[in-house]
Structure formats: C-alpha cells, structure tokens
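Participant: fold the following, please.
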Amino acid sequence: MIRAGRRHLVRTLADLAAQQGIELQTLQNRAAHKSAGHPAPVSSPGSRALLFDGEQVDAYLSGRPVPPLRSEDDDQEHDDDDLLDRREAAAVLGVVPDSWHVYKRAPLLTEHMVTVGGVEHWPRGIVHRYRAARPGRTAATGRPTGSGDQVPRDELLPRTAPLLDADPTITATAVVDQLGVSRSTAQGALTRLRADRIADLIGERPELSPDEAAAALGYPPALARRATARAATVLRARAAAPYLDDVLAAVHRAGWTTQAAPDVQLPGDDRVIAALVLDSDRAPVPALVWDERYGWRTAASRRHAITKGAVPPSEGEGVRYLAGGITPPPGEVVAALSL
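Facilitator: Numbering: from 1, shown residues only. Below you'll find the predicted structure:
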C-alpha cells in the first residue's frame with residue numbers, strides 16, 4: 001500500500017531506471033531492484049506493476065540507511081488515507097482480487113479512485129465505508145446487482161474452495177446444495193479451482209502430466225476431465241506472462257497506455273488471449289489483442305477488445321493483424337503500430 005501522505009514519493013521501475021541512467025529493460029535484466037538491501041516495493045505481494053517509495057530509494061542509492069516506513073504493527077496502521085491497490089482493497093471486502101473490477105464500479109469507489117504509477121488505488125477509509133454499506137442481500141454478503149445465484153459471482157471461488165479442500169471428490173450437485181447456486185455455476189467454479197491447483201502442482205513437479213497431477217490431488221477422472229484440459233491452458237498462460245509483460249512495458253515506453261497488467265482471459269478453457277488497452281490520446285489504435293494461435297492484432301474498441309467466439313475477427317473496421325509470428329519482439333510490435 002501507499003502510506004498516507006507519501007503518494008508524491010511513489011516511483012515506478014521506469015522511474016528507477018531513469019534515475020540510474022539505464023534502460024528499463026536493463027534494470028529488469030540486472031534485477032537491480034531485487035538486490036540485497038534494496039527497498040521492498042510498496043505495492044502488494046503478487047503485483048506485476050511494482051511501485052517504490054522514493055525517499056527509501058534515494059537513501060539506498062546514496063548509500064545512506066534506508067528509512068523505515070510505518071509498519072503494519074504501528075498504532076496508525078489503519079490510517080484512512082492509506083492508498084490500497086486492487087488486491088488490498090479486495091482483501092478488505094474478503095473477496096478474490098479478480099472480483100474487484102465488479103465492486104470498483106460503485107459510485108463511491110469510482111469517485112475516489114486515484115491512479116499512482118499507472119496503478120489504480122483507493123483510500124482505505126473509502127473502501128471501509130463501502131464495505132459497511134455495500135449493496136446486496138445484506139452488508140455481510142455484498143451481492144453484486146444482477147447476480148442470479150444466492151452467492152455473488154465474484155465470491156463464488158472463495159466460497160467453493162473450502163468445500164473442495166474438505167472433499168476433493170465433491171460434485172457440482174453438492175456445491176449446489178450447499179451454496180444455492182445453479183449447476184452450471186457450481187461446475188464452472190470447481191473446474192477453475194481444480195485447474196489452478198493442478199497447474200500449481202505441475203509448477204512444483206514438472207514431471208507430472210495434468211492427469212497425474214489431478215490424481216495426486218485426489219480428483220476423480222470423471223470429475224477432473226475438463227479441469228485437466230483447462231490446467232494445460234493455465235500453464236500456457238503462465239508461460240506467456242513474461243512475454244506479455246515485456247510487450248506492455250514497450251507500449252508503456254511509447255507512451256500509449258497506463259494499463260498496469262495485461263488482461264489475460266481463457267475463453268472456452270482452451271485458449272489464451274490477452275488485451276492491452278491503449279488509453280493514451282496519442283495511441284495509434286484503441287487496443288491490442290494477443291491470441292496464442294495468431295499473434296497480435298489491433299482492436300477497434302477499448303471496452304470490447306476481446307471478441308466472443310472461437311473464430312478470430314476478420315481484418316477491417318479497425319482490426320489489423322500484425323506480422324511477425326506468434327511472439328514477435330516487443331520492439332517490433334511497437335514498430336508495426338507506428339507504421
């Protein structure tokens with residue numbers, strides 16, 4: 001989080017590189033920001049867009065002792081002016097980070113959202129105010145408007161996960177009985193959870209196949225068939241993440257976007273697609289879309305960059321496929337857009 005009163009001190013990795021007179025890619029290649037003694041990021045663990053406290057960085061680079069920030073154990077831990085990113089704000093509500101895009105649309109949160117270093121943040125006090133009065137069946141559940149199930153869509157995974165922990169062989173019918181959701185909703189949640197856990201285990205034990213990992217986790221073949229297929233897609237998405245981050249960094253350097261991380265989606269559980277929204281007035285196109293089957297294309301809409309259906313859109317009306325294969329160097333992607 002960004003501690004109260006320190007927003008003006010926040011620096012990005014690009015700022016750190018410029019301060020040291022080197023390119024951002026050089027800084028990342030050297031992993032200078034991960035050196036022993038270097039100040040830790042103020043962004044939440046797991047964030048792709050790393051932010052740092054400038055006062056701490058200046059002290060480190062000049063060889064002076066790094067001043068500590070107010071610790072979590074401080075009496076002022078809950079300063080209402082602390083700025084929380086989406087992971088931290090979601091934790092306040094007790095929901096998974098990916099669900100925050102639903103909750104942040106609330107007028108109170110929209111009004112008080114600030115962007116620091118290209119990353120959206122919300123004051124801690126505002127998030128707590130929203131939690132106390134958020135809409136739904138009760139303040140305790142915060143059911144998003146329009147949800148057809150008894151459990152809010154974006155709280156479904158954290159509510160289903162303990163059930164799967166308790167019984168790896170749990171069926172969609174059992175989830176329906178316990179949570180009051182539709183069968184398709186329950187099946188989708190179980191598939192996503194099992195797939196992520198299969199992928200996690202393979203990450204730890206690469207010698208395992210998806211089927212072997214599912215068996216090791218106690219998932220019956222009949223219940224894990226779709227999950228093992230999705231797990232393979234999840235692993236491809238994780239493998240592609242560094243490349244997509246590099247392209248996003250190149251687009252950042254071109255001054256075309258403030259997006260903090262690629263929007264990665266797995267349509268149909270069997271494809272990896274990512275969108276980069278180019279929200280700058282100087283951007284040559286509204287958005288870029290990467291498809292693991294076809295590489296990069298432009299999109300005519302920032303809001304709906306990733307189209308529905310398995311068939312890719314035809315060229316024309318703002319859609320143009322960029323040459324260079326599936327993973328052209330980031331610089332070539334930027335150059336192609338500049339033509």
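Participant: next secondary structure after the longest helix along the chain?
Facilitator: Determined from DSSP state H, the single longest helix within the chain is helix 221-253. Note on helix 221-253: by DSSP states H and E, the next helix or strand toward the C-terminus is strand 263-265.
Participant: next, the buried residues of the longest helix of the chain.
Facilitator: 223-224, 226-228, 230-237, 240-241, 243-252 (16 or more other Cβ atoms under 10 Å). Quick note: C-beta positions are derived from backbone N, CA and C, even for glycine.
Participant: can you map out the strands along the stretch 101-250 of the chain?
Facilitator: Taking DSSP state E, counting those that start in this stretch, the strands of the stretch 101-250 of the chain run over residues 114-116, 119-123.
Participant: show residues contacting stretch 26-38.
Facilitator: 13, 16, 17, 20, 41, 50, 52, 60, 66, 249 (Cβ atoms under 8 Å, 6 or more residues apart in numbering).
Participant: the second one: neighbour count?
Facilitator: Spelled out, that is residue 16. The number of residues packed near residue 16 is 21, by other Cβ atoms under 10 Å.
Participant: may I ask which helix or strand encompasses it?
Facilitator: helix 13-20.
Participant: can you give me the helices for this protein?
Facilitator: 13-20, 24-30, 54-61, 86-93, 100-103, 107-112, 124-133, 156-166, 172-179, 183-204, 210-216, 221-253, 330-338.
Participant: for residue 6, which of those is the nearest?
Facilitator: Closest to residue 6 of these is helix 54-61 (Cβ to Cβ; 7.8 Å).
Participant: mind giving me the packing neighbours of the closest one?
Facilitator: The contact analysis (3 or more Cβ pairs under 8 Å, 6 or more residues apart in numbering; DSSP states H and E) places helix 54-61 against strand 10-12, helix 13-20.
Participant: the domain parsing of the chain - what is it?
Facilitator: Per automatic domain parsing, the structural domains of the chain span 1-134, 153-237, 239-338.
Participant: turn those into TSV, columns for mean pLDDT.
Facilitator: Below are these laid out as TSV (pLDDT from 0 to 100):
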stretch	mean pLDDT
domain 1-134	85
domain 153-237	91
domain 239-338	91
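Participant: show me what contacts residue 112?
Facilitator: 122, 123, 126.
Participant: can you tell me which of the residues you listed is closest to residue 267?
Facilitator: Relative to residue 267, and with distances defined as Cβ to Cβ, the nearest of those is residue 122, at 29.5 Å.
Participant: which residues does the closest one bridge with?
Facilitator: residue 84 (DSSP bridges).
Participant: give me the number of residues near it?
Facilitator: Using other Cβ under 10 Å: residue 122 sits among 26 other residues.
Participant: let me see the contact set for it.
Facilitator: Counting by Cβ under 8 Å, 6+ apart, residue 122 has contacts 83, 84, 89, 104, 109, 112, 113, 114.
Participant: any idea how far it lies from residue 331?
Facilitator: 35 Å (Cβ to Cβ, to the nearest Å).
Participant: touching, residue 227 and residue 194? I think so.
Facilitator: Yes - the pair residue 227 / residue 194 is scored as a contact, 3.6 Å apart, by Cβ atoms under 8 Å.
Participant: hmm, back to that, most tightly packed of the strands of the stretch 101-250 of the chain?
Facilitator: strand 119-123 (a mean of 23; mean count of other Cβ atoms under 10 Å).
Participant: what's the angle between that strand and helix 124-133?
Facilitator: Strand 119-123 and helix 124-133 meet at an angle of 70 degrees, taking axes from the mean of the first three to the mean of the last three Cα atoms, to 10 degrees as the criterion.
Participant: isn't residue 299 up against residue 288?
Facilitator: Yes - using Cβ under 8 Å as the test, residue 299 is close enough to residue 288 to be in contact (6.9 Å).
Participant: need the overlap of contacts for those two.
Facilitator: 275, 305.
Participant: neighbour count: the two, which is higher?
Facilitator: residue 288 (28 against 23).
Participant: residues in contact with that one?
Facilitator: 247, 251, 275, 276, 278, 296, 297, 298, 299, 305, 333, 337.
Participant: try 7 Å this time
Facilitator: 276, 278, 296, 298, 299 (Cβ atoms under 7 Å, 6 or more residues apart in numbering).
Participant: so it versus residue 254, what's the distance?
Facilitator: Taken as Cβ to Cβ, the span from residue 288 to residue 254 is 11 Å.
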